[in-house]
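> I would like to see how this sequence folds:
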Amino acid sequence: MLLHTAFNRSCGFVVITLLAFALAACGEAKKEERDPPVRGLKVFEVTESAATMTRRYPSVVQPADETPLSFEISGQLTEVKLDVGVQVQAGDVLLRLDQTTLRYEVQQARAALEQAEASLGNARTDFARKEELLKSGNVTQAAYDAAETNLKSTEAQAEQSRQQYAIAQERLEKAVLKAPFDGVISSVEAKSYANVSPGQTVLSLYSENAFEVEFSVPATVINALHTGDKASVEITDLYDTTLKGRIKELGSRAGQVSAFPAVVLLEETHPGLKAGMAAEVALDISLLIGEEGFLVPVHCFALEASDALKRGESLRDQHGGTAQVYVFDEATSTVQARTVQTAGVRENMIIVVDGLKAGDVIAAAGVSYLHDGQKVRLLGHHEH
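Okay, here's the model as predicted:
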């Protein structure tokens, strides 16, 4: 009987203990339901109103005034001794054509001219004599007229000979190609003893006083740039060298990967500047004309809440619209959903013109997993 009573007491104690553990577990489960884990949050701080943003583009220095040179006459080149990169002065002889035939043509033209001038001299003497004889009646009118006709004919022949001689001399001079200005040889297409035609490029020359840089800008930036805009060009191959420039050309047609060509003309130079040096172009890109706002990284937006995306369109192609961000409330350690007005895209930044103010702290990562009023804790440093 005593054993039976003790056994019952032991069983009761075990049951009570198990019930206590079960109740404790249920309490913990309910507590976990009541207190979900707090999500860590990286944030971006809206610091100031943005009028411009600076973007940098890699490039290469190129001559702005590169001139292709050619002969005006056909002929055979003599030996070519030019090298790319050689500096030349205006008037320096660069290339020659074989002048053997041309010199012979000059000699022939000179001999013809001398003969024509001798004939002209005789015709003038004969005409003058006939003119005097006609006055005294010692020659007929027909003889006088013949002398006059002969004089005019020999004058025409002499003039023609002079022109032919001048042409022969000019052709001889054109067989020598001289530098039209001080510069540097950028390319040599001519080959020794090759035959060339009039207008065929044989070499190119550029001025060291004018350089430019060509680069590509994305479609999201091209409409914010204008010919004449200022630019800053860092010559990365020259230590601590940055030169001023202005946009000279903007392409109207995109090339590969929706990039548009642009050219900046350097307004300054440097003694060590050479074509082919690496450079980096810095442009201050304005926001939309007449707009004031903030540049906010695209990863700060809940893009699935964008009205543009709801219509099946790309936000990057929009000039503006509405989008959603999550603003951190320091007092409650929560995020609040806020709809903002956008006014276009600048590369990886979206222009916000309404809905944010300087000092606002917004979610910068995992935005798609947040909801209005969600409890969060800040992680790391703020983006700016």
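
> partner residues bridging residue 70?
residue 201 (DSSP bridges).

> check contacts around it.
177, 196, 198, 199, 200, 201, 202 (Cβ atoms under 8 Å, 6 or more residues apart in numbering). All C-beta spots, glycine's among them, are computed from the backbone N, C-alpha and C.

> in ChimeraX, how would I select the buried members of those?
The following ChimeraX line selects those of the contacts of residue 70 that are buried, judged by 16 or more other Cβ atoms under 10 Å:
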select :177,196,202
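
> average pLDDT for stretch 141-161, rounded please.
For stretch 141-161, the mean pLDDT works out to 92.

> and it, how far from the chain's centre?
How far stretch 141-161 lies from its chain's middle: 67 Å, per Cα atoms, centre = their mean, to the nearest Å.

> next structured bit after the lowest-mean-pLDDT helix or strand in the chain?
Lowest on mean pLDDT, DSSP states H and E among the helices and strands of the chain sits helix 2-34, with a mean of 48. Counting by DSSP states H and E, the element after helix 2-34 in chain order, helix or strand, is strand 39-41.

> so which residues make contact with that next one?
For strand 39-41, using Cβ under 8 Å, 6+ apart, the contacting residues are 328, 335, 363, 365-366, 369-370, 374-379.

> so which of these belong to strands?
Within the contacts of strand 39-41, residues falling in strands by DSSP state E are 328, 335, 363, 376, 377, 378.

> and of those, the nearest to residue 135?
Taking Cβ to Cβ as the measure, residue 135 lies nearest residue 363 of these, at 117.7 Å.

> confirm that residue 54 sits in a helix.
No. Read with DSSP: H, G, I helix; E, B strand; the rest coil, residue 54 is strand and lies in no helix.

> residue contacts, it?
Per Cβ under 8 Å, 6+ apart, neighbours of residue 54: 282, 283, 284, 285.

> which of those are buried, as a PyMOL select command?
Entered in PyMOL, the line below selects the buried ones among the contacts of residue 54, by 16+ other Cβ under 10 Å:
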select buried, resi 282+283+285
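
> tell me the buried residues within the contacts of strand 39-41.
By 16+ other Cβ under 10 Å, the contacts of strand 39-41 give 328, 335, 363, 365, 370, 374, 376 as buried.

> now residue 363: closest residue in space that isn't a chain neighbour?
Nearest non-adjacent residue to residue 363, counting by Cβ to Cβ, 6 or more residues apart in numbering: residue 326, 4.1 Å away.

> which other helices and strands contact whatever helix or strand residue 127 lives in?
Element membership for residue 127, per DSSP H and E: helix 100-136. With contacts taken as 3 or more Cβ pairs under 8 Å, 6 or more residues apart in numbering; DSSP states H and E, helix 100-136 sits against helix 141-174.

> mind listing residues that contact whichever helix or strand comes after the helix it packs on?
For helix 141-174, the following helix or strand on the C-terminal side (DSSP H and E) is strand 176-178. By Cβ under 8 Å, 6+ apart, the residues outside strand 176-178 that reach it are 69, 70, 71, 90, 91, 92, 93, 94, 95, 96, 97, 202.

> each with direction, which strands does strand 176-178 pair with?
Here strand 176-178 is paired, per DSSP bridges, with strand 93-96 (antiparallel).

> mean confidence score for the partner strand?
For strand 93-96, the per-residue pLDDT averages 96.

> and if you look at stretch 194-214?
On average, stretch 194-214 scores 92.

> now the end-to-end length of that stretch.
34 Å (Cα to Cα, to the nearest Å).

> flag every buried residue along it.
196, 202, 203, 204, 205, 206, 208, 211, 212, 213, 214.
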